[in-house]
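Enquirer: task: produce atomic coordinates for the following.
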Amino acid sequence: MPLPRFLDIEYCQTDDTVFPTAMSWSLEDGRLKTVVIAPDDSWIPEDGDLGDIDLLYLEEQGVPLIELARELHQDLPDQTVYTDGMDPDEILVDLIFTAVEMEPPFELIPITELITNLDTDSLEDRRRQLLFDEGLEPTLAENGVYALLMLAREEGVLED
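Expert: Numbering: from 1, shown residues only. Below you'll find the predicted structure:
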């Protein structure tokens, strides 16, 4: 039986903009993929102020949006994809796919729809505790996906 799919997105947020900077998602077999995202020019404010985000790094190391969109279409076609429900994930996904004039191949759903025996606050507290227990940096997208996989396993949603 295929595993549920999970996704987490790192993003830049200032007074003037919000856009994705990195994304991680899980595959059917539980492996993770992670990419740094090259921003679309329209996402960058005119004054170029992105707080502590390194625009040059994103531009040089980031995956072009069209490549990311194609990879997501290949990896997550017609899937329900679970997120922590804490970030503006739908907005960020819409930004990516609008920039390349494509439709997202998946539907985003908060993990509370998969793990229904815990409320949102309890799920978030447990997710954060898992990150801490594993010594994982909570701001990295791949760690967010890993924590969601561990949480799903812990709650009996995944088979061992």
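Enquirer: quick one: the strands in this structure?
Expert: Taking DSSP state E as the test, the strands found in the chain are 5-13, 18-26, 32-36, 79-83, 106-110.
Enquirer: Asp75: how many residues sit nearby?
Expert: 17 (other Cβ atoms under 10 Å). (Glycine included, C-beta is placed from N, CA and C.)
Enquirer: sorry, slip of the keys, the one I care about is Pro110.
Expert: Neighbours of Pro110 using other Cβ under 10 Å come to 15.
Enquirer: who's in contact with it?
Expert: 82-85, 120 (Cβ atoms under 8 Å, 6 or more residues apart in numbering).
Enquirer: my guess is Asp40 contacts Thr17. True?
Expert: No: judged on Cβ atoms under 8 Å, Asp40 makes no contact with Thr17 at a distance of 10.9 Å.
Enquirer: follow-up on the earlier one: CSV please, covering the strands of the chain and showing distance to Asp133 and mean pLDDT.
Expert: Output for the strands of the chain, formatted as CSV (distance: least, Cβ to Cβ, whole Å; pLDDT from 0 to 100):
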stretch, distance to Asp133, mean pLDDT
strand 5-13, 18, 96
strand 18-26, 19, 97
strand 32-36, 18, 97
strand 79-83, 21, 96
strand 106-110, 22, 96
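Enquirer: who touches stretch 79-86?
Expert: For stretch 79-86, contacts defined as Cβ under 8 Å, 6+ apart pick out 4-9, 25, 89, 105-114, 120, 123-124, 127, 144, 148, 152.
Enquirer: swap in stretch 26-44?
Expert: Contact with stretch 26-44 is made by 2-7, 12, 17, 19-25, 50, 55, 57-59, 61-65, 68, 71, 75, 95-96, 99, 141-142, 145-146, 148-149, as judged by Cβ under 8 Å, 6+ apart.
Enquirer: how about a cut-off of 6 Å?
Expert: Residues outside stretch 26-44 that contact it (Cβ atoms under 6 Å, 6 or more residues apart in numbering): 2-3, 5-6, 19-25, 58-59, 61-64, 99, 142, 145.
Enquirer: out of those residues, which are buried?
Expert: Among these, those classed as buried by 16 or more other Cβ atoms under 10 Å are 3, 5-6, 19-25, 58, 62-63, 99, 142, 145.
Enquirer: closest to Val157 out of those residues?
Expert: Closest approach to Val157 among the buried ones among the contacts of stretch 26-44 (Cβ to Cβ): Leu3, at 8.9 Å.
Enquirer: show me what contacts that closest one?
Expert: Contacts of Leu3 (Cβ under 6 Å, 6+ apart): 30, 158.
Enquirer: thanks again, I'm all set now.
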